[in-house]
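Enquirer: Need the 3D shape of this:
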Amino acid sequence: MTADTAAATLAETPEARAARQIASAPPGEARAAEAELYRLLAPRLRRFGQRHLRDAHAAADLAQHVMVLTIEQLRDGRLREPERVLSFVLGACRLTVQHQRRGERRREELLQLHADAVPYADLSAGIHAGPRLDHQRVADCLERLPERERAVLVLSFYDDQPSEAVGAQLGLTAGNVRVIRHRGIDKLRRCVQQGDGVRRAAA
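Expert: Prediction:
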């Protein structure tokens, strides 16, 4: 198969046609093509996520994140070869999974590194423990955040990436990243504090 034949074959796929329609349409006038692209690609992305993440909810979040990123790239004209949209989404899936795993490893390393510094109570001596961070509560609250806010927090704090790098990966401006990060931190703080209040009331 020649290069020209291969390019023509790519251009004839249903997902390539939908991607070209999104890329060439005026703003807000490609809803049908966007829905069609989602219908064609999201099941593949969920299967990819289930195979690599072993979790149906995480796989669904992955598919949603990558599809939003892809459609935004097509709308803005940043995906310069719409006929290669399938290669783009699979590459975005791989990168997202890699970042998630790196963030999880970083979190575990931080927990292990600081575990010995956390004060414990000597209950038999009647000594009260100092304040302790409920890591499981933080993790649970992080999972409850909207997918984009969670991604911004993970890339910012676990991967130690600046706003510009986070924005480049998620298709956002650095200013948008800072706004989303501020909103996510506020939601995370309120979620953790609510959990602390419930435990104190139960005690």
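
Enquirer: show me what contacts the most centrally placed residue in the chain?
Expert: For the chain, the residue nearest the mean C-alpha position is A151 (3.8 Å; Cα atoms, centre = their mean). A151 sits next to 65, 170 when contact means Cβ atoms under 8 Å, 6 or more residues apart in numbering. C-beta here means a position set from N, CA and C on the backbone, and glycine is covered the same way.

Enquirer: Export only the CA atoms of the helix or strand that contains it, formatted as CSV.
Expert: Assignment of secondary structure by DSSP states H and E places A151 within helix 147-153. Output for helix 147-153, consisting of C-alpha atoms alone and laid out as CSV, is shown next (Å, rounded to 0.1, in the frame of the first residue of the first chain):
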residue,chain,number,x,y,z
GLU,A,147,-12.7,14.8,36.2
ARG,A,148,-11.0,18.0,34.9
GLU,A,149,-10.5,19.5,38.4
ARG,A,150,-9.0,16.2,39.5
ALA,A,151,-6.7,16.0,36.5
VAL,A,152,-5.5,19.6,37.2
LEU,A,153,-4.8,18.8,40.8
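
Enquirer: for the helix or strand hosting R181, which positions count as buried?
Expert: Using DSSP H and E, R181 sits within helix 174-202. Applying a neighbour-count criterion of 16 or more other Cβ atoms under 10 Å, the buried positions in helix 174-202 are 176-178, 180-181, 184-185, 187-188, 191-192, 195.

Enquirer: same question, stretch 29-41
Expert: Neighbour counts using 16+ other Cβ under 10 Å place 30, 33-34, 36-38, 40-41 of stretch 29-41 among the buried residues.

Enquirer: same deal with stretch 39-59?
Expert: Going by 16+ other Cβ under 10 Å, stretch 39-59 has these buried residues: 40-42, 45-46, 48-50, 52-53, 58-59.

Enquirer: contacting residues around T96?
Expert: When contacts are counted by Cβ under 8 Å, 6+ apart, T96 touches 62, 65-66.

Enquirer: Which ones among those map onto helices?
Expert: Using DSSP state H to define helices, the subset of the contacts of T96 located there is 62, 65-66.

Enquirer: Next, R54: phi, psi?
Expert: Backbone torsions of R54, given as degrees, to the nearest 10, read phi 60, psi 30.

Enquirer: what are the ranges of the helices in this protein?
Expert: Counting by DSSP H, the chain has helices at residues 3-11, 14-24, 31-53, 56-75, 85-114, 135-144, 147-153, 163-170, 174-202.

Enquirer: what helices or strands is the last one leaning on?
Expert: Looking back up the chat, that one is helix 174-202. Helix 174-202 is packed against helix 135-144, helix 147-153, helix 163-170, with contacts defined by 3 or more Cβ pairs under 8 Å, 6 or more residues apart in numbering; DSSP states H and E.

Enquirer: got the domain boundaries for the protein?
Expert: Each structural domain of the chain that the record assigns through automatic domain parsing is listed here as a residue range: 11-113, 132-203.

Enquirer: Just name the shakiest helix or strand of the protein by mean pLDDT.
Expert: Within the chain, no helix or strand scores below helix 3-11, which has a mean of 48 by mean pLDDT, DSSP states H and E.
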